[in-house]
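A.B. asks: structure for the following, please:
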Amino acid sequence: MTAVVESAIEEVPPPFVRLLSHPVRWRLLRQLVLSDRTVRELSGLVDEPQNLVSYHLRHLRDGGVVVGRRSSADGRDTYYTVDLTACERQLQAAGGALHPALWLASSPRPSRIDDSGHRPRVLFLCTGNSARSQIAEALLEQLSAGTVEAVSAGSHPKPLHPDAVSVMRERGIDLGGNRSKHLDEFIAEPFDLVVTLCDRVREVCPEFPAHPRHIHWSVPDPALETTTAGPSEQAFERTAADLERRIGFLLYLLPEISRRSTHER
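C.D. replies: Down below sits the predicted model:
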């Protein structure tokens, strides 16, 4: 028995622990938790040269906790996103590798976003307000059980996409009566958080009253992924699943975002 224990003690730490033990990688992940970023932005945020940031991002990508996607606004840029679901799995496994009692369980989502009674307001923006932002608006309202007020708009509104209606209907949400809205409708309204879902709309996102927190999620337009029969409904399902995952994690951060926003007004 002693030999078994000693053998276990001599094992190297799990790859996830070794990956995140570097302070620059940890700081990069912390910056990516809320918002997708380019190398240039990350370089400024962590105060490290771009070549060093790229080097550590490659390690994080190889470790399966960060993914990159070419910007649809400027193909020379790549937006990096942290895969929090992968981080959760690997963190749980690392705890279990140390001791079976240390397998981590997910924390329950906050039942109330703000104890002060303030109902946070979140604005989702994309180009057409025909799919991504409409889906995000509906999911946040549903997942927060109505404790968050979510709205959506676009820089160049287009009619609601039928595949967006279809994938949300499968989740018990009816978008059929929704209309597409221009972001100018909300330009004078206060928000706690503005989330851009499109690389192009990020470039033209206006300033809003009370200077809300602004984050970016680089989500591809599912309407642009087509088959010989037209737009792929599977692409809309992937978009809905991606947004559902992101919003599920966002709910843990909204209380602090809301408190800061309320305090600064």
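
A.B. asks: list the contacts of stretch 91-109.
C.D. replies: Under the criterion CB atoms under 8 Å, 6 or more residues apart in numbering, residues 11, 13, 14, 16, 17, 88, 143, 248, 251, 252 lie in contact with stretch 91-109. All C-beta atoms are positioned from the backbone trio N, CA, C, and that covers glycine.

A.B. asks: repeat the analysis, applying 7 Å as the threshold.
C.D. replies: With CB atoms under 7 Å, 6 or more residues apart in numbering as the test, stretch 91-109 has contacts from 14, 16, 17, 88, 251, 252.

A.B. asks: the one helix or strand residue 215 maps to pairs with which strands, parallel or anti?
C.D. replies: For residue 215, the enclosing helix or strand under DSSP states H and E is strand 213-216. Paired with strand 213-216 in the same sheet, following DSSP bridges, are strand 193-196 (parallel).

A.B. asks: poorly predicted segments of the stretch 51-200 of the chain, please.
C.D. replies: 109-117 (pLDDT under 70).

A.B. asks: one more time with 90, if that's ok
C.D. replies: Across the stretch 51-200 of the chain, the ranges flagged by pLDDT under 90 are 73-75, 93-119, 146, 176-177.

A.B. asks: ok, residue 197 - contacts?
C.D. replies: 124, 125, 126, 132, 133, 136, 217, 219.

A.B. asks: ugh, wrong one, I meant residue 224
C.D. replies: Applying CB under 7 Å, 6+ apart, we find residue 224 in contact with no residue.

A.B. asks: and it, what are its phi and psi?
C.D. replies: Main-chain dihedrals, residue 224, degrees, to the nearest 10: phi -90, psi -10.

A.B. asks: quick check: it vs residue 235, distance?
C.D. replies: 8 Å (CB to CB, to the nearest Å).

A.B. asks: so where do the strands sit in the stretch 51-200 of the chain?
C.D. replies: 66-70, 78-82, 121-126, 149-154, 193-196 (DSSP state E, counting those that start in this stretch).

A.B. asks: that's all I had, so thanks and see you.
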